[in-house]
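Asker: Predicted model follows, preceded by the sequence.
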Amino acid sequence: MSSGPQQSGGDTCVLSGSAVVDGPERWGALGVQGRCAAYVLALRPWSFSASLIPVALGSALAYKLEGSLDLLVLLVCATAVLLVHGAGNLVNTYYDFSKGIDHKKSDDRTLVDQILTPQDVVMFGAALYSAGCLCATLLYFLSTLRLEHLALIYFGGLSSSFLYTGGIGLKYVALGDVVILITFGPLAVMFAHAVQVGYLSVLPLVYAVPLALNTEAILHSNNTRDMDSDKQAGIVTLAILLGPALSYVIYNLLLFVPYLLFCILATRYTISMALPLLTLPMAFPLERQFRRQCYAQIPQKTAKLNLLMGLFYVFGIILAPQGSLPLL
Ligand SMILES: CC(C)=CCC/C(C)=C/CC/C(C)=C/CC/C(C)=C/COP(=O)(O)OP(=O)(O)O
Ligand SMILES: Cc1cc(O)c2ccccc2c1O
């Protein structure tokens, strides 16, 4: 684990480093337990709330607006989405390593530090995709959603998770942000809603907007932090195209526009929509850290904010008086 001071933008940033790495000898010495921990950490579980919250949001909407909530369907749906997300993270680990993008100082050093072999990562990713497909099959039997609709959304999510870095590698041509905005927002929310109510609806897409923007803030801070090494590796991200100053503007928009939307919802519809505003005090230190270019832990801290903001958003929907939520 790296820790120490980093001079940046005239301020000193304290680096607390990634939680993943201790060195291959240590993992080897830990035996089966150590290998299991290596597999779990390779998934980068700190990011999982980004896919679980949209599932909670879609299910809360189904419960509140249609009165439908099946806990088993919710559990299987959350597992499917988590498995596809985890597999996407592994595909990202594999391709970033094979293209020489991950290095000794990267957030993800599973392959760089030989904690796992590329073969391990490929096998693990394939196992997660297979388990995800099993869950989708189970959902077909548990939900009344038509097969073609279920397959369309599920395989849309699965192919996005692969194509983010695999195949054409959308992340490498500055399209990663679009993939994240769509998959972690509208797609996952619509999926969770559709398996509960049994049909596709545009309403969850609209409710997904504030959450999707905040989730994209996680990725954008990640890409801003990695700007120099990504440039050296010859890939193009939105952060590289924009540069540090505009990237800061975009980060602020992604961080604060959702709060503006919650203010509008709270004043025009129901006060319970003001609940996510309770996380505003967590957003200001992130803005300051970004401005000082202390990027080290911003993605993880933004993910924490995303989890809390998302939870308050879901509670806000559940607590809203009947008939008070906008139906478009
Ligand atoms: C609707 C269904 C069934 C599923 C949706 C499930 C989801 C949310 C899938 C998205 C999977 C996906 C695109 C994963 C990629 C995650 C990601 C942004 C990894 C980070 O990549 P880097 O930008 O390389 O970050 P690092 O620098 O930390 O490696
Ligand atoms: C690993 C990782 C890293 C990220 O920066 C993410 C950002 C948004 C959503 C998911 C992410 C993720 O899984």
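Answerer: Cool, the structure landed. Numbers count the residues shown, from 1 in each chain. Ligands and ions are numbered 1, 2, ... in the order given.

Asker: and the one helix or strand V179 maps to, what does it pack onto?
Answerer: Per DSSP states H and E, V179 falls inside helix 176-182. Helix 176-182 is packed against helix 147-163, helix 209-225, with contacts defined by 3 or more CB pairs under 8 Å, 6 or more residues apart in numbering; DSSP states H and E. Backbone N, C-alpha and C define where each C-beta goes, glycine included.

Asker: touching ligand 1 at all, the first one?
Answerer: Which is helix 147-163. Yes. Residues of helix 147-163 contacting ligand 1 under CB under 6 Å from any ligand atom: I153, Y154, G157, S160, S161.

Asker: Include pLDDT and neighbour count when you put these into TSV, please.
Answerer: Output for the residues of helix 147-163 next to ligand 1, formatted as TSV (pLDDT from 0 to 100; neighbours: other CB atoms under 10 Å):
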residue	pLDDT	neighbour count
I153	98	20
Y154	98	24
G157	98	24
S160	97	19
S161	98	28
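
Asker: ok, so of these, who is nearest ligand 2?
Answerer: When the residues of helix 147-163 next to ligand 1 are ranked by distance to ligand 2 (CB to the nearest ligand atom), S161 comes first, at 9.5 Å.

Asker: Please tell me how far that closest one sits from Y172.
Answerer: 15 Å (CB to CB, to the nearest Å).

Asker: So H103, which state does it fall into?
Answerer: Here H103 is recorded as coil under DSSP: H, G, I helix; E, B strand; the rest coil.

Asker: Check the one 4 residues further on too.
Answerer: Here D107 is recorded as coil under three-state DSSP.

Asker: pLDDT score assigned to the residue positioned nearest the centre of the chain?
Answerer: Centroid-nearest residue in the chain, with CA atoms, centre = their mean: A50, separated by 3.6 Å. For A50, the pLDDT comes out at 96.

Asker: Surely it touches L82?
Answerer: No. With contact defined as CB atoms under 8 Å, A50 does not reach L82; the gap is 10.4 Å.

Asker: and the lengthiest helix in the chain, how far from the chain's centre?
Answerer: In the chain, assigned by DSSP state H, the helix with the most residues is helix 238-268. Here helix 238-268 shows a centroid-to-chain-centroid distance of 17 Å under the convention CA atoms, centre = their mean, to the nearest Å.

Asker: how about stretch 290-302, does it get close to ligand 1?
Answerer: No. Judged by CB under 6 Å from any ligand atom, stretch 290-302 makes no contact with ligand 1; its nearest approach is 6.9 Å.

Asker: got the buried residues for that stretch?
Answerer: Residues F290, Q293, C294, Y295, A296, Q297, I298, P299, Q300, K301, T302 are the ones in stretch 290-302 that count as buried (16 or more other CB atoms under 10 Å).

Asker: Phi and psi next, for the third one.
Answerer: Reported as degrees, to the nearest 10, the phi and psi values for C294 are phi -90, psi 80.

Asker: if I look at it, how far off is ligand 1?
Answerer: To ligand 1, C294 is 17 Å away according to CB to the nearest ligand atom, to the nearest Å.

Asker: confidence score at that residue?
Answerer: 92.

Asker: Figure out how far the helix holding V179 is from the centre of its chain.
Answerer: Per CA atoms, centre = their mean, the centroid offset for helix 176-182 relative to its chain is 10 Å.

Asker: elements contacting the next helix or strand after that helix?
Answerer: Using DSSP H and E, the next helix or strand after helix 176-182 towards the C-terminus is helix 188-197. Applying 3+ CB pairs under 8 Å, 6+ apart, one finds that helix 188-197 makes contact with helix 49-66, helix 71-98, helix 147-163, helix 203-207.
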